[in-house]
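[1] coords please:
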Amino acid sequence: MSNLAETLRSDFPILKKTIQGNELVYLDTAATALKPTPVIDAVSQVYRELPANVHRGVHTLSREATVAYEGARDTVRTFLNAKRREEIVFTSGTTAAINLVARSWGASELTAGDEILLSHMEHHSNIVPWKLLCEQTGVVLKIIPVSDSGELDMKAYQEMLGPRTKLVSVVHVSNTLGTVNPVEQIIAAAHAQGARVLLDAAQSAPCLPLDVQALDCDFLAFSGHKLFGPTGIGVLYAKADLLEMMPPFMGGGDMILSVSFEEICYNKPPYRFEAGTPNIAGAIGMGRAIEYVSQIGFDAIHTHEQELLIAATAALEEIDGVRIIGMAPNKVAILSFVIDGVHPHDIGSILDSCGVAIRAGHHCTQPLMARYGLPATARASFSIYNTLDDVDRLAASIRNVQEIML
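    Residues are numbered from 1 along each chain as shown. Sure, this is the predicted structure:
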């Protein structure tokens, strides 16, 4: 077993916490990742030493804050291998990034009868913005089906693509199933039809390398808080030519060059889409989180998390009455499961009393739950700070659930 977690656990101060007398086992990274000390310190340093606003000030503190803030943009550009720093737009998270694309590019480029393809495994954040757009414009949604094992039906996808397809917006990694979708194939097929592609990379950014030039996606979104960074900060990557033609999403300060009551001249991208005072500390903290992950390396992260996934899958399969939802051959360390005769909320509550933090509910994927005929699942998601002992604690706690409830 990789010793990565033993090396890194001291970086995460919350792991010293006890829950009802038990050492914390944190298995809810898919909802939000724990924050390492370097990120916490980076955010704290902003408020201690760089308390000024960015871009507008000529005094020293403002200039220093601006350099740090824009340095974070350069860090993201390198992380994604974007061609230009202007292709990196700071948002409040994946949700805001997808809404930006829907309300700017979508509202200006799509018309009644145009088609958007989503998958059956999308997070609500990649469903609701497009539903709103459809209600306003008459655009049509088409849904790529998911197999019993949790894989996209790629034959159906190919057949659904057509001349009216204008956008394919899909999750890179399912937050519920852990499935890693074949995004290279998805993008190539969409582009062959002249359609644009948006990737929801909220779950993939923390554990898989992302190269937007190699992928050739048109848009990509991720959140800082799932990448060991602060909440309330995220990124929209978009190709420069698309950002140049997209109208502003919100109006206010810093997204303009000049304003009069007769005429407004908008700023160039990315600032055109960053109205108002930004989350300065969040962007800088996210940049530090990216540096932290990059120093570990995705090969080491992948090896460690796959070992945990294999061990956890085997442990749960040994327990009678436990069923794993989503068994795609290519997946990350996310396990959704149900226990016969026990509601997932009860599973989550009893596990919490054992010090094991999991997620229980529909995971903002209600259409996917309906696909499997379930109201909810329990979900354990593993990361760089988890160990095989955590897997053992999860399995023991699940057996405890059965003893109490059945």
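
[2] From now on I want contacts and neighbour counts done on CA atoms only, so please keep to that.
    Fine.

[3] Check the gap between the residue in the chain sticking out farthest from the centre and residue 22 for me.
    Checked against the mean C-alpha position of the chain, the extreme residue using C-alpha atoms, centre = their mean is residue 262, at a distance of 40.8 Å. Separation of residue 262 from residue 22 (C-alpha to C-alpha, to the nearest Å) stands at 65 Å.

[4] How about residue 365?
    Between residue 365 and residue 22 the distance is 31 Å, computed by C-alpha to C-alpha.

[5] Of these two, give the one with the bigger neighbour count.
    Neighbours per residue, other C-alpha atoms under 10 Å: of residue 365 and residue 22, the larger number sits with residue 365, 22 against 13.

[6] Ramachandran angles for that one?
    In this entry, residue 365 is assigned phi and psi values of phi -140, psi 60 (degrees, to the nearest 10).

[7] Look up the closest residue to it, ignoring the ones flanking it.
    Beyond its immediate neighbours in the sequence, the residue positioned closest to residue 365 (C-alpha to C-alpha, 6 or more residues apart in numbering) is residue 123, lying 5.0 Å away.

[8] Now do the same for the one you found: its pLDDT.
    In this model, residue 123 is scored at 98, pLDDT.

[9] OK, contacts around it?
    With C-alpha atoms under 8 Å, 6 or more residues apart in numbering as the criterion, the residues that contact residue 123 are 171, 174-175, 363-365.

[10] now residue 222
    By C-alpha under 8 Å, 6+ apart, the residues touching residue 222 are 93-94, 97, 200-203, 205, 234-236.

[11] same deal with residue 264?
    Counting by C-alpha under 8 Å, 6+ apart, residue 264 has contacts 256-258.

[12] Now list the buried members of those residues.
    Members of the contacts of residue 264 that pass the buried threshold by neighbour count (16 or more other C-alpha atoms under 10 Å) are listed as residue 256.

[13] What's the local residue count around residue 265?
    Should you count by other C-alpha under 10 Å, residue 265 turns out to have 11 residues around it.

[14] contacting residues for it?
    If you count contacts by C-alpha under 8 Å, 6+ apart, residue 265 has them with 256-259.

[15] For the residue nearest to residue 163 when sequence neighbours are not counted, the count of nearby residues, please.
    For residue 163, ignoring the flanking residues on the chain, the nearest one in space by C-alpha to C-alpha, 6+ apart is residue 193 at 6.4 Å. A count of nearby residues for residue 193, using other C-alpha under 10 Å, gives 15.

[16] Ok, residue 346 next?
    A total of 14 residues lie near residue 346 under the criterion other C-alpha under 10 Å.
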